[in-house]
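Colleague: can you look at this prediction? I've put the sequence above it.
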Amino acid sequence: MTQPGDRASDGGAKERRRSRILRGFSLKEEGAKAVLIATVSTLVVLGLLAYAAVSSPYWPEFKDEFLNRQVFAESFPDILRAFKRNIFYFLTAEPVILAFALMLAVLRSLRGPVFFPLRALSTIYVDLFRGIPTVLVVFALGFGIPTLRIPGFPVEGWFWGWVALILSYSAYVAEVYRAGIESVHPSQTAASRALGLSRWQSLRSVVIPQAVRRVVPPLMNDFISLQKDTALIAFVSAFSAEAFLKAQRISAGDFNFTPFVGAALCFLIITIPMTRFTDWLLERQRKRRMAGGLA
Amino acid sequence: MSEAIRLEGIHKSFDGLEVLKGIDLTLDEHQVVCLIGASGSGKSTLLRCINLLEQVEAGRIWIHGAEITVQGVDRNAVRRQVGIVFQAFNLFPHMTVLGNVSLAPIKVLKQGRAAAEANARELLARFGLAEKAGDYPDRLSGGQQQRVAIVRALAMDPDVLLLDEITSALDPELVAEVLDVIRGLAEQGMTMVIATHEMSFARDIADRVSFLDEGRILEEGPPEQIFSAPTQERTRRFLDRIIAAGRM
């Protein structure tokens, strides 16, 4: 009864093996060919696009306004210097965001009726700040709070713009953390509670370390967004110019937009490597998951 | 012999489905009770009730004469006394073997790190896991992981150990090494409640076998009696199925 079936499946396995071998060969050849084709087609496409751009009647004007070598040479050092402020903004904001958001996420994941008010507060906070455009928060705080002249608080617009970024981004990052916390299997909590760890000890030593590891790539994405959004502080800081405001000022002088390209370059120098790094982290995580490893 | 665990009339349901329908069970110190019964008969839930991972709806539980099903009981203190080992090991994947074993002694028993780790190493060595101390759990075989989980529970020096089908997730060739560990513990006089599908193991090790069926203990007695001369028809049918499946 079983013999014909066995033979058929045996034959099937052989067939599969053979076709895999064949495919292996063709893949190698195809690999070399593929690289060649990709290179040629990329060159052709780029060439065509470049030709189309350069041959457009607007090209000379565009080149003069956006890619002006002389303006670039004159403005870029200043913009780069101003970009240091952007770096200062995001490097100082990020740790505060990571800590504050983790607190929000932990409050929100507390179980039990006693914690309802904290849970509700955290939920309301996240809903609120996730729903409001960041630029609006920056404006409201950056212009609004200094007019209150609260004793002991700074009156500089940039400071409140910086605070606004922290408030807004913490809401996003809290959600990322929360997803991570919820992705840790309940059996991990059961195991730690069974050993006598308190709810808090279990969260701190077992759940959060695993959660944070899992959400590093999405956290990086939010960090990249934050780096770009430091430009929003330009709107509320008259005196401490960051890269975008600097570019705006230089540009306003002679109606040349090359400084914006310079500012864009500053951001890209940071964000592109960071994006690649995040992709690499994600890929590594995916491979580990495929290999059956945890965390 | 003094009484280690007493359960009276334990009821538990999940979403209206009654899983435990009034369980009575007692065992003395140094006794080993094996819970047998089909999947879904309530073995795991019963174990999880004993160390308060699940809250019982009705019924009372005493550990060494002290009731733990009263309001305001210190759950963490109860769990320090009553260790549990799970079917799926539930090791902490972000910690080394040594970290897994020493975590609770450090956090709960407030032992110093050096002392806790020294003790953990000693325990690991006793169970043939000395050279695994620095490894992460995913580097270990299933049998090794389960042995680490047992050591992790033992590091808390519990009075009672609950074992929840600890060999069910293992490849057949890895079952023996884990069961040998449990045999060793029984010889040393560890009080244990063991939910298991390994009938020959239960026959060897148990002082008493309890057959759970649909949330009730249908039959209870010394292993020779339960396995050779069960009085209940359902027990007989369950054992026939087990024999047919080649598990005994």
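Modeller: Now that the structure is in, tell me what you want to look at. Residues are numbered from 1 along each chain as shown, chains lettered A, B, ... in the order given.
Colleague: mind jotting down where the helices sit in the stretch 101-250 of chain A?
Modeller: If DSSP state H, counting those that start in this stretch is used as the criterion, the helices of the stretch 101-250 of chain A fall at A:116-131, A:134-148, A:157-183, A:186-194, A:199-202, A:208-214, A:216-229, A:243-254.
Colleague: what residues does the fourth one touch?
Modeller: Think helix A:186-194. Applying Cβ atoms under 8 Å, 6 or more residues apart in numbering or on different chains, the set of residues contacting helix A:186-194 from outside is A:199, A:201-202, A:205-207, A:210, B:51, B:53, B:79, B:83-84, B:86, B:88, B:90-92, B:103-104, B:153. To be clear about C-beta, it is placed using only N, CA and C from the backbone, and glycine gets the same treatment.
Colleague: can you check the second one too?
Modeller: Helix A:134-148 is touched from outside by A:129, A:153-158, A:160-161, A:163-165, A:167-169, A:229, A:232-233, A:235-237, with contacts defined as Cβ under 8 Å, 6+ apart.
Colleague: can I get the CA coordinates of it in PDB?
Modeller: Included here for helix A:134-148 are C-alpha records, laid out as PDB according to Å, rounded to 0.1, in the frame of the first residue of the first chain:
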ATOM      1  CA  THR A 134       5.200  68.500  16.400                       C
ATOM      2  CA  VAL A 135       5.600  71.900  14.800                       C
ATOM      3  CA  LEU A 136       2.500  73.200  16.700                       C
ATOM      4  CA  VAL A 137       3.900  72.100  20.000                       C
ATOM      5  CA  VAL A 138       7.200  73.800  19.200                       C
ATOM      6  CA  PHE A 139       5.400  77.000  18.300                       C
ATOM      7  CA  ALA A 140       3.100  76.900  21.300                       C
ATOM      8  CA  LEU A 141       5.900  76.300  23.800                       C
ATOM      9  CA  GLY A 142       8.600  78.300  22.100                       C
ATOM     10  CA  PHE A 143       6.600  81.400  21.800                       C
ATOM     11  CA  GLY A 144       4.100  80.900  24.600                       C
ATOM     12  CA  ILE A 145       6.000  79.800  27.700                       C
ATOM     13  CA  PRO A 146       8.600  82.600  27.600                       C
ATOM     14  CA  THR A 147       5.800  85.200  27.700                       C
ATOM     15  CA  LEU A 148       4.700  83.800  31.000                       C
END
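Colleague: list the buried residues for it?
Modeller: If you call a residue buried by 16 or more other Cβ atoms under 10 Å in any protein chain shown, then helix A:134-148 has these buried ones: A:134, A:137-139, A:141-142, A:145-146.
Colleague: now the last one
Modeller: By neighbour count on 16+ other Cβ under 10 Å, the buried set for helix A:243-254 is A:243-247, A:249-251.
Colleague: tell me how far the top helix by length along chain B lies from the chain's centre.
Modeller: Longest among the helix segments of chain B by residue count, using DSSP state H, is helix B:172-187. Put simply, helix B:172-187 sits 13 Å off its chain's centre (Cα atoms, centre = their mean, to the nearest Å).
Colleague: do stretch A:58-75 as well
Modeller: For stretch A:58-75, the distance to the chain centre is 31 Å (Cα atoms, centre = their mean).
Colleague: report the rounded mean pLDDT for stretch B:186-205.
Modeller: The predicted model assigns stretch B:186-205 a mean pLDDT of 93.
Colleague: quick one, helices of chain B?
Modeller: Under the criterion DSSP H, chain B carries helices at the ranges B:43-50, B:75-81, B:97-107, B:113-126, B:142-154, B:172-187, B:199-205, B:223-228, B:233-244.
Colleague: among these, which is nearest A:L49?
Modeller: With Cβ to Cβ, the closest approach to A:L49 among the helices of chain B belongs to helix B:97-107: 55.2 Å.
Colleague: buried sites along the closest one?
Modeller: Judged by neighbour count (16+ other Cβ under 10 Å), helix B:97-107 contains these buried residues: B:97-107.
Colleague: same question, stretch B:175-189
Modeller: For stretch B:175-189, using 16+ other Cβ under 10 Å, the buried residues are B:175, B:177-179, B:181-182, B:185-186.
Colleague: next one: stretch A:99-108
Modeller: By neighbour count with 16+ other Cβ under 10 Å, stretch A:99-108 contains the buried residues A:100-102, A:104-108.
Colleague: how deep is B:L47 tucked in, by neighbour count?
Modeller: When neighbours are defined as other Cβ atoms under 10 Å in any protein chain shown, B:L47 has 23 of them.
Colleague: and A:L226, what is it in contact with?
Modeller: For A:L226, the contact set (Cβ under 8 Å, 6+ apart) comprises A:90, A:93-94, A:97, A:165, A:169.
Colleague: still on that earlier bit, just the buried ones from the contacts of helix A:134-148?
Modeller: Looks like those have A:129, A:156-158, A:160-161, A:163-165, A:167-169, A:229, A:232-233, A:235-237 buried, using 16+ other Cβ under 10 Å.
Colleague: count of neighbours near whatever residue of the stretch 1-150 of chain A ends up closest to chain B?
Modeller: Residue nearest to chain B within the stretch 1-150 of chain A (Cβ to the nearest Cβ): A:G112, separated by 12.4 Å. By the criterion of other Cβ under 10 Å, A:G112 has 8 neighbours.
Colleague: go on, the one 10 residues further on?
Modeller: Neighbours of A:S122 under the rule other Cβ under 10 Å: 22.
Colleague: ok, the one 4 residues further on next?
Modeller: Other residues lying near A:V126 total 22 when counted by other Cβ under 10 Å.
Colleague: do the one 5 residues further on as well
Modeller: By the measure other Cβ under 10 Å, the count of residues near A:G131 is 8.
Colleague: contacting residues around the spatially most central residue of chain B?
Modeller: Nearest residue to the geometric centre of chain B (Cα atoms, centre = their mean): B:L163, 1.6 Å. Residues touching B:L163, when contacts are defined by Cβ under 8 Å, 6+ apart, comprise B:47, B:84-85, B:182, B:192-196.
Colleague: next one: it from A:V126, what distance?
Modeller: Counting by Cβ to Cβ, to the nearest Å, the separation of B:L163 from A:V126 is 42 Å.
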